[in-house]
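Novice: Sharing a model prediction with you, sequence too.
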Amino acid sequence: MLSALHVRGLALVEDVWLELSGGFTVLTGETGAGKTVLVEALKLLLGERADSTMVRQGADEALVEGTFLIDGREVLVKRRLSAEGRSRCTIDGEMATVGVLADLLGSHVDLHGQHEHQALLSPARHAGYLDRFIGTPALSALERYRTAWTAARDARAALDELERALSDREQRADYLRFQIADIDDVRPAAGEDDDLTARLPRLRHAERLTAAAGAAWSVLRDEGGASDSLSASISALAGAPGLDPQLDEFASTIERLDVELQEVATSLRAYADAIEHDPAVLDETERRLRQLGDLKRKYGPSLIDVIETRAGAVRDLELLDAGDAGRARALEGVDAAERALVEAGEALSAVRAEAVASFVTRLQEAASELALPHATFAVAQTLLPRDAWTADGPERLEFLFAASAGEEPRPLAKVASGGEVSRVMLALKSVLGSADAVPVLVFDEVDVGIGGASALAVGRQLASVGGQHQVLVITHLPQVAAYSDCHIVVSKEASGGRSVTTARPVEGEERVAELARMLSGGRAETGAAHARELLLGAAADRGTTG
């Protein structure tokens, strides 16, 4: 559900906040007041492409914020558009891409309006609509089909991998054996090259390192060296203990230095003794590093890659050694999986085909109440080639539509106008009822080309759908607006010499006045009585008292 919408600096809108509730909400107002701007704001939240010309003249940026209730949790989505054309998105304060935004909200909001590319116009979505209409029989058959489809895909992939490995088997096996032997001749260990590289400087510079350590040791330990000097200092200070704290602190410091000097001298001696002076060890280390380097150039770049290359070669060789027996088993697995998939696909297609007539009848009945009395529908169910089957079924389902009697139904996307598509979608939502999972439905100009009793029917249908979804509708028809749970008026006012769009909910006499304006074309006083009749009739029709 969309619980709040904030729009700032977008086209005519300076700053508008809307608090929204569930059920059926209408937005009304004069033509050009800015109702469509609010729809454009929603499109931005749904991830549609932004245009810098949408930023209000004089503003640095446009901001659209929406608070959505998704899976019981409030999610704050923001879209900023700078006057220079830069766009930024955040979800709960975290940066996000437009694609992530669309993925998050695409399954929660359906927006239907004139000239929109909607879900209903995509044949890929039609099977899902029909399955939701059928309910458990179709959804269970679809689940069994998808399980079989996945198993067949995996079995085919395993066979393809095996056949790739088996092609040019002998040449491939020879190369794998060469790789394994080449690496085994050296027998590398993980991290060995790093250890040898670290040892190499001591081996190459053994004489200089030993001489430096020995000279340093001599300076510390020879007669008259640093060690003797510290000992003499300690003896000199020992003659006046306890007479002055500062002098005692000097004595303690010198004693610590003497201990540390002894430790350093011992470590220097051990370091010098540990250095290897054997040229053979140096030669062997350099030779070993060259061997490891050769392996890394062939199978690297790292020694870990070399070791993994050997492990992969062993696996591939085992696969090749399995040979024809493994291929026969894989073929049997593919055949069994394909038979199961065909059986599941036929079952799913049969369930769908059996329900098509009922679905079309229900859809035509719903559409006839929405100023489409002569509309006819059909469902084209075409079995696809086996290699074109998808996770949604073995066939292509497409809704066909004709608006006038005597016309041959054709693909909905090619023949339906924007207003007709919106009404077909409304009819579909009415037919699907609670089975439709999309919680927020937005209809822009769903009432194009209708009026009178048909308009009342549209209002009734929208109110009915509002019992299962949050429905937001932009309308020019008072008959439709009278059925709403919440009525928001969008108006254009002058502010500082410029036009500014405002939006606010109306109730009571303010709502009557707005309906009267819609009825009488601006002479509100002449339509008030009719507006009250509309509200009373809609309330009675819905079984309410408001």
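Specialist: Thanks, I have the structure now. Numbers count the residues shown, from 1 in each chain.

Novice: Pro505: what's its closest spatial neighbour, skipping adjacent residues?
Specialist: Distances taken as Cβ to Cβ, 6 or more residues apart in numbering put Ile488 closest to Pro505, at 5.2 Å, once the chain neighbours are dropped. The C-beta positions use only the backbone N, C-alpha and C, and glycine is treated the same way.

Novice: Contact partners for the one you found?
Specialist: Counting by Cβ atoms under 8 Å, 6 or more residues apart in numbering, Ile488 touches 18, 25-28, 503-506.

Novice: Show me the domain layout of the protein.
Specialist: 2-138+357-542, 139-356 (automatic domain parsing).

Novice: quick one, phi psi at the residue nearest to Pro505?
Specialist: Main-chain dihedrals, Ile488, degrees, to the nearest 10: phi -110, psi 130.

Novice: how much space between it and Gly433?
Specialist: Using Cβ to Cβ, to the nearest Å, Ile488 is found at 26 Å from Gly433.

Novice: again, but for Arg315
Specialist: For Arg315, the distance to Gly433 equals 54 Å [Cβ to Cβ].

Novice: so where's this structure shaky on pLDDT?
Specialist: For the chain, the stretches flagged by pLDDT under 70 are 112-119, 223-225, 322, 324, 416-419, 434-436, 445-450, 495-497, 521-526, 544-546.

Novice: what residue is smack in the middle of it?
Specialist: By Cα atoms, centre = their mean, the chain has its centre lying nearest to Val100, at 4.1 Å.

Novice: which other helices and strands contact the helix or strand hosting it?
Specialist: Using DSSP states H and E, Val100 sits in helix 98-106. Helices and strands touching helix 98-106, as assessed by 3 or more Cβ pairs under 8 Å, 6 or more residues apart in numbering; DSSP states H and E, comprise strand 73-82, strand 87-91.

Novice: would you list those in JSON lines and tack on mean neighbour count?
Specialist: As requested, those are exported to JSON lines (neighbours: other Cβ atoms under 10 Å):
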{"stretch": "strand 73-82", "mean neighbour count": "17"}
{"stretch": "strand 87-91", "mean neighbour count": "17"}
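
Novice: Make a markdown table from those strands and add distance to Thr136 to it.
Specialist: Listed next are these as a markdown table, based on distance: least, Cβ to Cβ, whole Å:
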| stretch | distance to Thr136 |
| --- | --- |
| strand 73-82 | 29 |
| strand 87-91 | 34 |
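
Novice: Which secondary structure state is assigned to the residue located most distally from the centre of the chain?
Specialist: Relative to the centre of the chain, the most outlying C-alpha is that of Gly239, 81.0 Å out, by Cα atoms, centre = their mean. With DSSP: H, G, I helix; E, B strand; the rest coil as the basis, Gly239 sits in coil.

Novice: Same question for Glu398.
Specialist: strand.

Novice: Grab the nearest non-local neighbour of it.
Specialist: Residue nearest to Glu398 in three dimensions, not counting chain neighbours: Pro123, with 4.2 Å by Cβ to Cβ, 6+ apart.

Novice: Equivalent analysis for Leu200, please.
Specialist: Here the residue nearest Leu200, using Cβ to Cβ, 6+ apart, is Thr285, at 6.1 Å.

Novice: That neighbour contacts Arg202, correct?
Specialist: No: Thr285 lies out of contact with Arg202 (Cβ atoms under 8 Å); the separation is 10.0 Å.
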